[in-house]
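**Q** Here is a sequence together with a model predicted from it:
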Amino acid sequence: MHLSTLLLPQTPACYKLRTARCSRPRVQPCRAVAATPPAAAKPKQWLDQSLKHVIASQQFNQESLDFIFMVAREMEDIRPGSPESQQLQGAIMSTLFYEPSTRTRLSFESAMSRLGGTVLSTESAGEYSSAAKGETLEDTIRTIEGYADCIVLRHFQAGAAKKAASVASVPIINAGDGPGQHPTQALLDMYTIKREIGRLDNVRVGMIGDLANGRTVRSLAYMLSMYKGVKIYFVAPDVVRMKEDIKDFLTSKGVEWEEVSDLRAVASEVDVLYQTRIQKERFQDRPEDYEQAKGKYIIDTELMKLMHKDAVVMHPLPRVDEISPDVDPDPRAAYFRQAKNGLFIRMAILKLCLQDSLHARQG
């Protein structure tokens, strides 16, 4: 698939139009060739799956990311009341959240509404759903799939989304499973890096904060590994350093990584500083570790002076005190643009997950 042009939005002004070359294949003269054995069948890619669960970053590849980003760009241009705003009319999405959420839940619900669909929502499902009565996740999924065309699931246990998908007959979209993964956050993060920096190859990313419990940085590391020339710096307190499985995975893919204790040294080297908060809710039985980790690495105006003029600061949000509000006016502070990009990425994901089954039902 050749994408001749990747259009960047007209606002904010710091975004620019970048054009990729589209090369046409040369026509070769016809000639006899020796018969070759048929190639082994390629595994179906995510774009080819009839039932498109979104569970983990590793299920995607560059081709599927390019396509999702192209659709997300189309989503940015949709206006209320236009025919494009009714692409998912008749479809129903259920948001089933066992953990608190603001951006993820509301952006998914806004995404569905902006495409003409309907939302069934529950928050604090562990407390206010039948899970409080002892119902298993599998039984909950089997029930809700009778009411909705897809289920957006956030859960406190790593692996919960995979478990849900194993019994579901509708798409399951992982909106974060404990310290496991958050693939749609990684998609919007990659989209933001592409929009802000202009490339995904040869980027240098500093990941900061709670890297042991942060599902966003795990998912982002998996996706960054798909691109060449990437280098990742891990900057974290000792008690929340990046886990060995991610470092081993990056090594196996030939991705350069380095653990660094000096944030100031990293700030001058990277294209992206990806800050995360120290997640207090993951330290319920280790309050002393939380006290040791919090507040150690803070991005403020002094640190921003060390960054390149074209570098950006990202954060999955919410923030506590790890980015000073004084940084917000700096045009390199990309985290609110990043959050807005989540709407367009999730519109794209919902369209791609639902359009085939919706057309089949309507046709």
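**A** Perfect, thanks for sending it.
**Q** okay, CA-based contacts and neighbour counts for the rest of this
**A** Will do.
**Q** what's the closest non-adjacent residue to residue 182?
**A** Distance criterion C-alpha to C-alpha, 6 or more residues apart in numbering; nearest residue to residue 182, sequence neighbours excluded, is residue 176 at 4.4 Å.
**Q** so that neighbour sits in a strand?
**A** Yes: using DSSP: H, G, I helix; E, B strand; the rest coil, the assignment for residue 176 is a strand.
**Q** Going forward, the N-terminal residue is numbered 664.
**A** I'll keep to 664 as the first residue from here, and by that count the last item is residue 839.
**Q** Next up, the contacts around it.
**A** Contact analysis of residue 839 by C-alpha atoms under 8 Å, 6 or more residues apart in numbering lists 816-819, 845-846, 878.
**Q** again, but for residue 882
**A** Applying C-alpha under 8 Å, 6+ apart to residue 882 gives the contacts 719-720, 844-846, 848-849.
**Q** do residue 961 as well
**A** Residue 961 makes contact with 984-987, according to C-alpha under 8 Å, 6+ apart.
**Q** Which PyMOL command selects the buried ones in the residues you listed?
**A** Buried members of these, defined by 16 or more other C-alpha atoms under 10 Å, are picked up in PyMOL with:
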select buried, resi 985+986
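**Q** So which one of the contacts of residue 961 is the model least confident about?
**A** Least confident entry in the contacts of residue 961, by pLDDT: residue 984, with 89.
**Q** What does the pLDDT read for residue 709?
**A** For residue 709, the model assigns a pLDDT of 85.
**Q** okay but it is in contact with residue 719, surely?
**A** No: using C-alpha atoms under 8 Å, residue 709 makes no contact with residue 719, being 11.2 Å away.
**Q** so where's the longest helix in the protein?
**A** Taking DSSP state H as the criterion, the chain has its longest helix at helix 998-1025.
**Q** Who are the packing partners of that one?
**A** In terms of contacts (3 or more C-alpha pairs under 8 Å, 6 or more residues apart in numbering; DSSP states H and E), helix 998-1025 is packed against helix 725-739, helix 766-777, helix 846-860, strand 975-977.
**Q** Check the offset of the last one from the chain's centre.
**A** Computed by C-alpha atoms, centre = their mean, to the nearest Å, the separation of strand 975-977 from the middle of its chain amounts to 15 Å.
**Q** Show residues contacting it.
**A** So strand 975-977 is in contact with 859-860, 934-938, 995-998, 1001, going by C-alpha under 8 Å, 6+ apart.
**Q** From the residues you listed, list just the buried residues.
**A** Buried among the contacts of strand 975-977 (16+ other C-alpha under 10 Å): 859-860, 934-938, 995-998, 1001.
**Q** Tell me the one of those residues nearest residue 756?
**A** Proximity of the buried ones among the contacts of strand 975-977 to residue 756 (C-alpha to C-alpha) peaks at residue 1001, which lies at 23.4 Å.
**Q** Give the residue spans of the chain that score low on pLDDT.
**A** 664-707, 786-796, 942-950, 952-956, 958, 1022-1026 (pLDDT under 70).
**Q** nearest to residue 872, of the helices and strands packed on helix 998-1025?
**A** If we rank the helices and strands packed on helix 998-1025 by C-alpha to C-alpha, the stretch that ends up nearest is strand 975-977, at 12.3 Å.
**Q** among the helices and strands packed on helix 998-1025, which is nearest residue 929?
**A** strand 975-977 (12.5 Å).
**Q** For residue 985, give its distance to residue 969.
**A** 17 Å (C-alpha to C-alpha, to the nearest Å).
**Q** no wait, residue 915
**A** From residue 915 to residue 969 the distance is 32 Å (C-alpha to C-alpha).
**Q** Residue 709 and residue 719: which is more packed in?
**A** residue 719 (23 against 18; other C-alpha atoms under 10 Å).
**Q** which non-adjacent residue is nearest the more buried one?
**A** The shortest distance from residue 719 to any non-neighbouring residue, by C-alpha to C-alpha, 6+ apart, is to residue 846 (5.4 Å).
**Q** Residue 766 now?
**A** In this structure, residue 766 finds its nearest non-sequential neighbour in residue 1002, 7.2 Å apart by C-alpha to C-alpha, 6+ apart.
**Q** Contacts only, for residue 891.
**A** Contacts for residue 891 (C-alpha under 8 Å, 6+ apart) come out as 864-865, 918.
**Q** tell me the phi and psi of the closest residue to residue 876 other than its chain neighbours?
**A** Setting aside the residues directly before and after it, residue 876 is nearest to residue 842 in space (C-alpha to C-alpha, 6+ apart), at 4.9 Å. Per-residue torsions, residue 842: phi -90, psi 20 (degrees, to the nearest 10).
**Q** now residue 818
**A** Torsion angles, degrees, to the nearest 10, at residue 818: phi -140, psi 160.
**Q** Okay, and the beta partners of it?
**A** residue 840 (DSSP bridges).
**Q** Settle this for me: it is touching residue 840, isn't it.
**A** Yes: taking contacts as C-alpha under 8 Å, residue 818 lies within contact range of residue 840: 4.7 Å.
**Q** Could you tell me which residues touch both of those two?
**A** Looking at what touches both residue 818 and residue 840 (by C-alpha under 8 Å, 6+ apart), the common residues are residue 824.
**Q** Now do the contacts for residue 1014.
**A** By C-alpha under 8 Å, 6+ apart, the contact set of residue 1014 is 750-751.
**Q** Please report how far it lies from residue 821.
**A** Distance, residue 1014 to residue 821, using C-alpha to C-alpha: 26 Å.
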